[in-house]
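Visitor: got a structure for you, letters missing:
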């Protein structure tokens with residue numbers, strides 16, 4: 001099997017996209033992403049949301065997952081991705097291993113050293129099977145020792161690496177909206193210690209859902225139906241993603257898709273206001289984990305103060321339950337968190353403006369910081385994984 005990396009187009013960011021060719025070649029990153037238009041059935045993206053997912057659970061969830069490739073049930077009951085180019089399905093673990101192998105190769109080329117240890121980040125909502133699948137992918141990539149770090153913890157480390165020791169205590173809310181998942185986490189940072197307090201999220205919600213909603217809006221504006229051809233459908237979604245990105249900084253954008261099925265060419269103007277209205281149901285879903293997190297961690301929101309009377313009886317059960325608290329810092333993670341209406345909603349609910357960490361690279365930087373801590377290169381930082389449930393007082397402190 002020939003392996004191809006983006007050597008000619010290396011950048012700080014590596015798209016988690018993998019393509020399998022009929023000749024046995026495997027492409028990863030930007031080069032593979034470009035093939036999503038011409039070869040969507042053999043180009044795999046957003047597969048992280050499929051890690052450790054059983055096919056039966058996927059069917060039972062009723063979640064609106066949509067991929068340009070076919071999902072099938074593997075012999076072990078887990079989800080696999082049909083791949084006509086190689087004549088057999090691809091496991092999400094295999095695709096993830098290709099991405100990790102690419103990153104390892106780049107790191108070795110940069111440092112000149114052999115890389116066999118790594119900090120690998122995962123969404124806060126990953127369960128045991130998803131984490132096990134991640135470890136398996138790392139092993140297939142040649143990583144002999146892997147440390148799993150929750151992505152919100154990594155973001156907090158990136159956010160506070162310069163001043164974590166200077167502030168007595170911070171309560172940091174990390175809002176992570178990537179391509180396929182939405183995670184909200186609350187962390188306490190004090191005296192160089194980072195502790196996960198609570199997590200909530202939606203494993204089937206992300207920027208890809210916005211792309212699909214925008215694609216539907218574009219088709220309605222053009223007065224045509226959804227293309228049946230996978231290549232044309234992929235071109236439409238690619239145009240929708242570009243439009244979403246442009247609408248993050250512009251009030252309107254032109255969407256051009258030549259030779260689309262049903263018309264000679266598609267050319268429509270979409271405004272940010274129209275886009276915001278189209279993703280209204282997605283915004284409602286984004287608010288759900290924020291509210292859930294607030295209730296679990298007894299937060300006082302600007303938009304809805306925590307009601308002590310409503311929880312008075314339950315609070316008496318747990319003498320260790322902390323008093324209502326207020327978030328002191330807000331951190332955005334993930335490219336989809338750049339969408340203006342998303343940022344506005346979260347900032348309004350939390351009552352804070354976000355910090356200046358780059359949403360695209362915060363998790364990677366935090367993983368590097370944690371690696372430095374483990375190697376002894378960075379001191380006075382300690383990560384404590386766990387969650388606080390005020391009914392069961394399952395704190396990592398043991399209280």
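Guide: Perfect, thanks for sending it. In this text the structure is predicted, and so the values were computed from the model without any measurement.
Visitor: pLDDT of whichever strand or helix holds residue 196, averaged?
Guide: In the assignment (DSSP states H and E), residue 196 maps to strand 193-202. Taken as a whole, strand 193-202 carries a mean pLDDT of 84.
Visitor: what's the answer for stretch 31-49, then?
Guide: pLDDT averaged over stretch 31-49 gives 87.
Visitor: likewise stretch 91-103?
Guide: Computed over stretch 91-103, the mean pLDDT rounds to 97.
Visitor: I'd say residue 221 and residue 267 touch.
Guide: No: judged on C-beta atoms under 8 Å, residue 221 makes no contact with residue 267 at a distance of 10.0 Å. Glycine gets a C-beta too; all of them are placed from N, C-alpha and C.
Visitor: residues in contact with the residue nearest to residue 154 when sequence neighbours are not counted?
Guide: In space, and not counting its chain neighbours, residue 154 is closest to residue 366: 3.0 Å by C-beta to C-beta, 6 or more residues apart in numbering. Applying C-beta atoms under 8 Å, 6 or more residues apart in numbering to residue 366 gives the contacts 121, 149, 153, 154, 155, 156, 157, 158, 159, 161.
Visitor: so what's the fourth one up against?
Guide: Put plainly, it is residue 154. 119, 121, 362, 363, 364, 365, 366, 367, 369, 370.
Visitor: helices - which of the residues you listed land there?
Guide: With DSSP state H as the criterion, helices contain 362, 363, 364, 365, 366, 367, 369, 370 from among those.
Visitor: buried sites along the longest helix anywhere in the chain?
Guide: In the chain, with assignment by DSSP H, the single longest helix is helix 92-111. By 16 or more other C-beta atoms under 10 Å, the buried positions in helix 92-111 come out as 92-106.
Visitor: quick one on the thing from earlier: which strands border the strand holding residue 196, and is each parallel or antiparallel?
Guide: strand 182-190 (antiparallel), strand 382-384 (parallel) (DSSP bridges).
Visitor: weakest of these by average pLDDT?
Guide: With a mean of 67, strand 382-384 has the lowest mean pLDDT of these.
Visitor: between the strand or helix carrying residue 32 and helix 92-111, how big is the angle?
Guide: Using DSSP H and E, residue 32 maps to helix 30-38. Interaxial angle, helix 30-38 versus helix 92-111 (axes from the mean of the first three to the mean of the last three C-alpha atoms, to 10 degrees): 140 degrees.
Visitor: tell me which residues in helix 30-38 are buried?
Guide: Within helix 30-38, the residues that count as buried by 16+ other C-beta under 10 Å are 30, 31, 32, 33, 34, 35, 36, 37.
Visitor: with distance to residue 21 and pLDDT as added columns, please give the contacts of residue 154 in JSON lines.
Guide: Shown next, in JSON lines, are the contacts of residue 154 (distance: C-beta to C-beta, whole Å; pLDDT from 0 to 100):
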{"residue": "119", "distance to residue 21": "31", "pLDDT": "96"}
{"residue": "121", "distance to residue 21": "29", "pLDDT": "93"}
{"residue": "362", "distance to residue 21": "33", "pLDDT": "91"}
{"residue": "363", "distance to residue 21": "30", "pLDDT": "92"}
{"residue": "364", "distance to residue 21": "28", "pLDDT": "92"}
{"residue": "365", "distance to residue 21": "33", "pLDDT": "91"}
{"residue": "366", "distance to residue 21": "35", "pLDDT": "91"}
{"residue": "367", "distance to residue 21": "31", "pLDDT": "92"}
{"residue": "369", "distance to residue 21": "37", "pLDDT": "88"}
{"residue": "370", "distance to residue 21": "36", "pLDDT": "88"}
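Visitor: in those, find the pair that's most separated.
Guide: The largest separation in these, counting by C-beta to C-beta, is between 119 and 362 at 14.0 Å.
Visitor: between these two, which is the more surrounded one?
Guide: Remark: of residue 119 and residue 362, residue 362 carries more neighbours, 25 against 20, as counted by other C-beta atoms under 10 Å.
Visitor: and that one, what does it touch?
Guide: Counting by C-beta under 8 Å, 6+ apart, residue 362 has contacts 154, 155, 158, 159, 331, 333.
Visitor: residue 73 pairs with what?
Guide: Residues in a beta bridge with residue 73, per DSSP bridges, are residue 79.
Visitor: actually residue 329, not the one I typed
Guide: Beta-bridge partners, per DSSP bridges, of residue 329: residue 172.
Visitor: what about it, neighbour count?
Guide: Residues near residue 329, counting by other C-beta under 10 Å: 20.
Visitor: for the one 5 residues further on, same thing?
Guide: With neighbours defined by other C-beta under 10 Å, the count for residue 334 comes to 24.
Visitor: ok, residue 78 next?
Guide: Using other C-beta under 10 Å, residue 78 has 21 neighbouring residues.
Visitor: what do you get for residue 378?
Guide: Neighbours of residue 378 (other C-beta under 10 Å): 16.
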